[in-house]
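In: Mind looking at a prediction? Sequence and model below.
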Amino acid sequence: MASQAASCALSSAQNQGLGAEMGKSAKGKASDANASRLGPIVAGAIRNVGTGFTSLHFVEDSFDNKDDVISMLSHFVMTKSTFAPHLHKDLRILTMLFEDSRGNLVNRDTTRGAVALEAGDVYSLSSGASVVHEQTPSDGASIHGLQIFIKSSSKSVGTLAHACCTRNSEVPVIADTGHRIRIVPCTDELGSNVRSKNDDVELLDVVICAAATYEFGLRRDRKAWIYVVSGHLQVVSAEENRALEAGQLITLSAGAQMNVVLAPAVLAHCVILSVSHPPG
């Protein structure tokens with residue numbers, strides 16, 4: 001843990017995991033006719049596969065825009081081997097293990113062989129024209145994580161698959177008495193050669209203590225997603241606001257630079273994902 005001052009947030013908010021949230025039914029969308037930049041509230045669809053995988057699942061239809069580069073987001077708990085080795089093409093798959101995960105998630109793919117992921121680790125897999133992979137928890141593991149599927153840009157379609165693993169100790173952390181932010185690396189080992197704005201993904205893993213606030217700036221022509229992992233969160237921008245519960249997500253549409261304030265009533269854990277999204 002990077003900061004004793006923020007330890008209250010990690011020991012409470014992250015340890016809640018998905019446990020209490022999986023018993024809730026999805027609440028669907030709540031639109032606001034007066035909204036201009038903050039999108040509707042969307043609840044994840046509960047998905048159970050076998051006896052060892054449970055997730056809150058968002059697909060591109062959830063975001064009301066099939067042109068988005070994000071095609072799927074899954075907040076999951078995995079305790080048993082669930083998915084057989086399978087093929088992907090023209091996608092980048094970002095897997096982030098939250099820091100309350102226990103045990104290892106063994107990632108096997110045709111680019112790097114087997115890599116044992118631990119709590120807080122991040123694995124970025126660009127499938128290119130074709131890649132086969134599987135992810136299997138070790139015996140007794142309980143893997144709590146987030147997986148994001150990002151559509152490949154036109155410059156990445158048909159390229160060779162490649163991957164990059166970032167260990168928890170390598171993830172930059174900013175902490176103070178009110179919040180703790182992990183700045184999650186999203187570039188892969190070929191990141192220095194990225195030429196498309198569709199490949200420009202930024203991800204923050206944020207824990208905010210009760211009665212504190214966290215303010216961030218969304219740069220011009222970037223779209224963002226805010227997803228609440230645990231707790232409750234007020235999202236405020238200009239004259240707009242949304243009250244989100246765990247398992248819910250909103251989007252921030254692209255436009256001029258804007259400041260957004262996150263204000264929880266209780267300890268809250270959320271993730272903020274943003275991508276370049278030029279208007280028109």
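Out: Cool, the structure landed.

In: From Leu105, how far out is the nearest residue to His88 once chain neighbours are set aside?
Out: In space, and not counting its chain neighbours, His88 is closest to Ser127: 4.1 Å by CB to CB, 6 or more residues apart in numbering. Quick note: C-beta positions are derived from backbone N, CA and C, even for glycine. Separation of Ser127 from Leu105 (CB to CB, to the nearest Å) stands at 18 Å.

In: Neighbour count for those two, which is higher?
Out: Taking other CB atoms under 10 Å, Ser127 and Leu105 do not tie; Ser127 has more neighbours (26 against 23).

In: what's the distance between that one and Ser71?
Out: 12 Å.

In: and Asp61, that one's in a helix?
Out: Yes. Judged by DSSP: H, G, I helix; E, B strand; the rest coil, Asp61 forms part of a helix.

In: That one: neighbouring residues, count only.
Out: For Asp61, the count of nearby residues is 9 (other CB under 10 Å).

In: Then Ile250?
Out: As a burial measure, Ile250 scores 21 neighbours (other CB under 10 Å).

In: And it, which helix or strand is it part of?
Out: Assigned by DSSP states H and E, Ile250 belongs to strand 248-252.

In: Beyond that strand, next helix or strand please.
Out: Toward the C-terminus, strand 248-252 is succeeded by strand 258-263 as the next helix or strand (DSSP H and E).

In: Other residues contacting the helix or strand that that following strand is followed by?
Out: Beyond strand 258-263 on the C-terminal side, the first helix or strand identified by DSSP H and E is strand 268-276. Residues outside strand 268-276 that contact it (CB atoms under 8 Å, 6 or more residues apart in numbering) are 9, 13-14, 16, 69-70, 73, 146, 148, 197-198, 200-208, 216, 218-219, 221-233, 262.

In: Stretch 101-121 too?
Out: Taking CB under 8 Å, 6+ apart as the rule, stretch 101-121 contacts 78, 85, 95-100, 123, 125, 131-145, 161-163, 165-168, 171, 182.

In: pLDDT of that stretch, averaged?
Out: When pLDDT is averaged along stretch 101-121, the result is 89.

In: Can you show me the helices along the protein?
Out: 7-9, 15-16 (DSSP state H).

In: Would you map the strands across the stretch 51-200 of the chain?
Out: Counting by DSSP state E, counting those that start in this stretch, one finds strands in the stretch 51-200 of the chain at the ranges 53-59, 70-78, 86-88, 91-97, 105-109, 113-117, 122-126, 131-137, 143-151, 162-166, 173-175, 179-184.

In: Lowest average pLDDT across the ones you listed?
Out: When those are compared on average pLDDT, strand 86-88 comes out lowest at a mean of 77.
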